[in-house]
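Asks: sequence first, then the predicted structure:
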Amino acid sequence: MNAKLRRRLAVLGLPLVLAIVAACGSSGTASAPADSNAASGLTKSTIVIGNIGQYSGSTFADLYVQTLHSLQAWVQWTNDHGGLNGHPVKLVSHDDQNNPAKSLQYVKEMVEQDHIVALLSPLAVGTDPAWANYVEQKKVPVIGGGSLDANWETNPYMLSTNVTSENYDVSQMYAAKSIGKKVGVFICAEFSACKTGISKFEGIAKQTGLAWAGAQSVAETATDYISQCIAMKQTGADVVLPETSATVMSRVIKACAEQGYTPRAVVPASNINASVIGDAEFDGTLGVNFSPLWFVDSDFTKDWKQQYTKMFPHETLYGDSTFGWQAGVVFGTALKDAPDTVTSETVLQGLYAQPAGTTFGGWTPPLTFKPGKSTQTQPCMWYLQIKGGKLVAPQGNKPVCAPAGDAG
């Protein structure tokens with residue numbers, strides 16, 4: 001099954017095990033060279049952070065790898081600019097091969113052998129349940145990453161830097177409201193739980209003020225989607241949410257266009273690649289992203305872009321390329337005045353000290369950290385849109401938040 005479909009099923013709250021294989025090495029590190037520490041003002045003890053995820057073996061591997069690269073870029077930039085109050089930062093990263101047992105094993109190694117003080121930007125939707133209780137027992141904060149299962153809404157040590165599952169769905173529906181009046185969903189057919197999710201989307205649509213056009217089930221193995229497109233067209237839906245894999249999304253939109261049905265669509269930004277951007281049938285498609293837009297030049301993202309392109313000059317940037325830096329900024333802010341000895345508790349206290357609704361210089365939606373609670377987030381995401389074969393930012397490089405009434 002396609003990896004993007006698995007991620008969206010996770011967004012619907014399904015207890016799935018992802019199936020992405022192998023990584024860019026079983027483990028990796030990124031830190032400033034030891035002999036450069038003194039010259040860079042890095043005279044205090046090293047702060048070790050961890051990362052875990054699935055980084056190769058699927059159509060979307062390059063996108064997942066960009067989250068790790070983004071975090072590596074933040075580490076290098078931080079060390080090149082004095083570290084965290086004189087502390088150099090070292091990153092230890094593992095690929096869990098989407099295996100829950102390996103995921104737990106690697107997290108334990110990082111906590112007990114590498115002595116990480118925090119786990120940053122994990123892409124472990126589907127495997128993080130294996131170690132969620134462990135990090136809570138060890139009181140090790142997990143900051144940022146793929147926060148799309150229930151652990152991020154209940155575990156006080158799993159601290160989202162963007163949206164959780166419920167807020168993602170609300171954000172997506174609110175985005176649909178900005179380009180249409182009646183919404184329908186093309187939803188995966190592979191699991192019975194997909195059908196269960198339909199009532200959830202219907203409720204959010206009505207809560208947001210959109211007319212509901214119903215859902216059409218689409219299978220990845222289907223030869224065509226003509227009947228589903230005709231049925232959706234007859235409902236009068238002018239905007240659709242393809243809750244499917246990227247491959248099925250493209251096939252459905254093309255099939256509908258062949259039937260003379262061209263509704264606007266709202267999709268995850270990571271589903272938008274060069275072929276989609278250049279296809280006239282996707283003109284007007286709206287994408288939603290978890291972190292700041294990679295194609296917009298902004299004052300607050302210029303350091304990210306300069307460092308990232310310096311370290312990875314041959315990559316074509318996509319939405320995940322700002323994801324890891326986002327977590328790094330939150331972590332770095334918590335340790336701006338780091339004492340001589342830094343522990344996981346130091347990190348937590350630094351987060352709790354941030355004012356309620358902090359946006360970390362534009363890198364996050366409003367976030368509030370409180371002892372004993374998961375992050376208080378809002379349904380906010382960054383919008384991008386395809387217009388005339390190009391990406392544009394209809395709301396600029398800032399997150400768009402659904403009003404309180406739509407958020408529930």
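Replies: The structure has been received and is ready for your questions.

Asks: now the strands: where do they sit in this protein?
Replies: Here the chain has its strands, by DSSP state E, at 27-31, 47-53, 89-95, 118-120, 142-143, 158-159, 182-188, 211-218, 239-243, 264-268, 286-289, 380-387, 390-392, 400-401.

Asks: who wins for proximity to M311 among these?
Replies: Nearest to M311, of all the strands of the chain, is strand 27-31, at 9.2 Å by C-beta to C-beta. Yep, even glycine has a C-beta here, placed from its N, CA and C like the rest.

Asks: average pLDDT across stretch 270-288?
Replies: Averaged over stretch 270-288, pLDDT sits at 91.

Asks: ok, and for it, which residues are buried?
Replies: Residues of stretch 270-288 classed as buried: 270-273, 276-277, 279, 281-282, 284-288 (neighbour count, 16 or more other C-beta atoms under 10 Å).

Asks: for the strands of the chain, which one ends up most surrounded?
Replies: Among the strands of the chain, strand 118-120 has the highest mean neighbour count (mean count of other C-beta atoms under 10 Å), at a mean of 29.

Asks: tell me the strands beside it, with direction?
Replies: The strands beside strand 118-120 in its sheet (DSSP bridges) come out as strand 47-53 (parallel), strand 142-143 (parallel).

Asks: regarding stretch 182-198, how distant is the last residue from the first?
Replies: 15 Å (C-alpha to C-alpha, to the nearest Å).

Asks: pretty sure S270 contacts T322?
Replies: No: applying C-beta atoms under 8 Å as the test, S270 and T322 come out as separate, 11.8 Å apart.

Asks: just give me the neighbour total for K373.
Replies: Counted with other C-beta atoms under 10 Å, residues neighbouring K373 total 13.

Asks: can you pull the phi/psi pair for the closest residue in space to A222 that isn't next to it in sequence?
Replies: Closest residue to A222 apart from its sequence neighbours, by C-beta to C-beta, 6 or more residues apart in numbering: A189 at 7.8 Å. Phi and psi for A189, reported as degrees, to the nearest 10, are phi -110, psi 0.

Asks: tell me which residues touch L104, please.
Replies: L104 sits next to A130, W131, Y134 when contact means C-beta atoms under 8 Å, 6 or more residues apart in numbering.

Asks: low-confidence ranges, the stretch 1-150 of the chain, go.
Replies: Within the stretch 1-150 of the chain, the stretches with pLDDT under 70 are 1-40, 56-61.

Asks: any idea of the angle the lengthiest helix in the chain forms with strand 47-53?
Replies: In the chain, taking DSSP state H as the definition, the longest helix is helix 61-80. Relative orientation of helix 61-80 and strand 47-53, computed by axes from the mean of the first three to the mean of the last three C-alpha atoms, to 10 degrees: 170 degrees.

Asks: using CSV, write out every CA atom in helix 61-80.
Replies: What follows is helix 61-80, C-alpha atoms only, in CSV (Å, rounded to 0.1, in the frame of the first residue of the first chain):
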residue,chain,number,x,y,z
ALA,A,61,11.1,8.5,0.6
ASP,A,62,12.7,11.7,-0.7
LEU,A,63,10.1,13.7,1.1
TYR,A,64,10.6,11.9,4.5
VAL,A,65,14.4,12.2,4.1
GLN,A,66,14.0,16.0,3.8
THR,A,67,12.6,16.2,7.4
LEU,A,68,15.9,14.6,8.6
HIS,A,69,18.0,16.8,6.4
SER,A,70,16.1,19.8,7.7
LEU,A,71,16.9,18.8,11.3
GLN,A,72,20.5,18.2,10.3
ALA,A,73,20.7,21.6,8.7
TRP,A,74,19.4,23.2,11.9
VAL,A,75,22.0,21.4,14.0
GLN,A,76,24.9,22.5,11.8
TRP,A,77,23.6,26.1,11.6
THR,A,78,23.2,26.2,15.4
ASN,A,79,26.7,24.9,16.0
ASP,A,80,28.1,27.3,13.5
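
Asks: buried set for it?
Replies: 61-79.

Asks: distance of I179 from D169?
Replies: 17 Å (C-beta to C-beta, to the nearest Å).

Asks: relative to T285, how far out is K44?
Replies: 48 Å.

Asks: nope, V111 is what I meant
Replies: For V111, the distance to T285 - C-beta to C-beta - is 42 Å.

Asks: hang on, T359 packs against T377?
Replies: No: assessed by C-beta under 8 Å, T359 is found out of contact with T377, at 11.6 Å.

Asks: need the residues touching each of these two.
Replies: P365, P366, L367.

Asks: ok, and the most crowded of those?
Replies: Taking other C-beta under 10 Å as the neighbour criterion, P365 ranks highest of the shared contacts of T359 and T377 with 27 neighbours.

Asks: tell me how far the closest residue to M110 other than its chain neighbours lies from A231.
Replies: Among residues not flanking M110 along the chain, G50 sits closest, at 3.9 Å (C-beta to C-beta, 6+ apart). Applying C-beta to C-beta, the value for G50 to A231 is 48 Å.
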